[in-house]
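[1] This is a predicted model, with the sequence first.
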Amino acid sequence: MSMLLQPTGEVIVSFGPTWYHPLGGHLFSVFPWAHLIFSEEALIRWRSAFKTDGATRFSEVAGGLNQMTIKKFEELIEGSAFHVATPELVPIKKLRRFHSRLTREFTTAIVRCQLIKRKSTRPNIPEGKAVVEWTQCSSAAFAEQACRQCEEEPPTSTPSRFHNERPSELQ
């Protein structure tokens, strides 16, 4: 995808619900978190009573079920030619007061972000250190602050409630 973009190109990403969302299993979430309580095998067997496509795994169902978590998304981006410029984790409305760094996998409804190319296509991250810190900050503070990953001013056209900060050992 990086090769298809202009040097100043960007990618807008939005997905949800995440895998640990109460209804993250989509069809398999017959009640909140059912897809986490029952095994994949049991849920596929239940599904086969009314779907006849022969799927034996979540990834084989029509449209696929990628089981994307916030952590998995962060690791995919860290290993790519992009970095997160304007991350936003949108909490589930009824669980908003419980939404935090510790609970985000279970209380996030939608992940939205803007990806921009790194100056180098190979991230300079030690093995096992692919971690993105999504922390809250004000839109004004975010717009004034230089992006720590590419040392450029972050885009101000898409203000965010969260900012992507890297732990000091990764800088």
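    Perfect, thanks for sending it. Residues are numbered from 1 along each chain as shown.
[2] Quick one: list the elements packing against the longest strand anywhere in the chain.
    Longest strand in the chain by number of residues (criterion: DSSP state E): strand 108-117. Contacts defined by 3 or more Cβ pairs under 8 Å, 6 or more residues apart in numbering; DSSP states H and E place strand 108-117 against strand 10-15, helix 70-78, strand 82-84, strand 88-91. The C-beta positions use only the backbone N, C-alpha and C, and glycine is treated the same way.
[3] What residues sit buried inside the helix or strand that comes right after the first one?
    Read it as strand 10-15. Using DSSP states H and E, the helix or strand that follows strand 10-15 in sequence is helix 34-37. For helix 34-37, burial by neighbour count (16 or more other Cβ atoms under 10 Å) applies to Ala34, His35.
[4] Helix 34-37: what's the following helix or strand?
    Next element after helix 34-37 (DSSP H and E): helix 40-47.
[5] Other residues contacting that next one?
    With Cβ atoms under 8 Å, 6 or more residues apart in numbering as the test, helix 40-47 has contacts from Gly25, Leu27, Phe28, Ala34, His35, Phe38, Ala55, Thr56, Arg57, Phe58, Val61.
[6] Distance of the residue nearest to Arg96 when sequence neighbours are not counted relative to Val30?
    Leaving aside its sequence neighbours, Arg96 sits nearest to Thr107 (Cβ to Cβ, 6 or more residues apart in numbering; 7.7 Å). As for Thr107, its distance to Val30 is 20 Å (criterion: Cβ to Cβ, to the nearest Å).
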